[in-house]
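Colleague: here is a sequence with its predicted model. Questions after.
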Amino acid sequence: MNTISDITPSLALVIRLVEEFRKLGPQVPIQVMQVYCEIARDPDVSMKDLGLRTGLQQSSVSRAISSLSSRNRHDKSGMNLVVSKEDPMNRRRKTVRLTHTGKLVAKALGEAVSHYTGR
């Protein structure tokens with residue numbers, strides 16, 4: 001059984017990753033962070049697959065994508081971390097990928113993980 005001292009380094013890493021996201025906005029919901037990480041892990045992932053991987057409803061995935069895009073669902077400036085597009089072979093399928101800014105954030109997150117894991 002893990003003690004609190006056993007998991008402290010892992011908690012420090014989680015806090016560091018949340019801090020990186022908070023640089024983008026102080027109130028970024030955890031499900032938005034989760035969706036972003038799935039997109040960073042698998043470029044050109046479909047919105048349907050994002051729902052399956054995260055366990056979120058499709059409407060929640062759409063809201064998260066909207067927040068991560070250049071314009072959010074309220075037509076205000078978004079985070080500009082992802083861009084979505086229709087699949088030319090199947091217009092009902094939308095895929096999502098990181099923007100240049102999104103890739104920079106992914107790099108910063110990767111560096112934070114490396115710092116705490118020593119890899």
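Modeller: In hand now; what should we look at?

Colleague: show the contacting residues for the residue most central in space within the chain.
Modeller: The chain has residue 36 as the residue nearest its centroid, 1.3 Å off, counting by Cα atoms, centre = their mean. Contact analysis of residue 36 by Cβ atoms under 8 Å, 6 or more residues apart in numbering lists 21, 64, 68, 81-82, 102, 105. Backbone N, C-alpha and C define where each C-beta goes, glycine included.

Colleague: that one: helix or strand, and which one exactly?
Modeller: Residue 36 belongs to helix 30-41 when assigned by DSSP states H and E.

Colleague: any idea how far that helix is from the chain center?
Modeller: How far helix 30-41 lies from its chain's middle: 2 Å, per Cα atoms, centre = their mean, to the nearest Å.

Colleague: what lies in contact with stretch 98-111?
Modeller: 17, 20, 24, 36-37, 39-40, 43, 68, 70, 79-83.

Colleague: pull out the buried positions in that stretch.
Modeller: Buried residues in stretch 98-111, defined by neighbour count with 16 or more other Cβ atoms under 10 Å: 98-99, 102, 105-106, 109.
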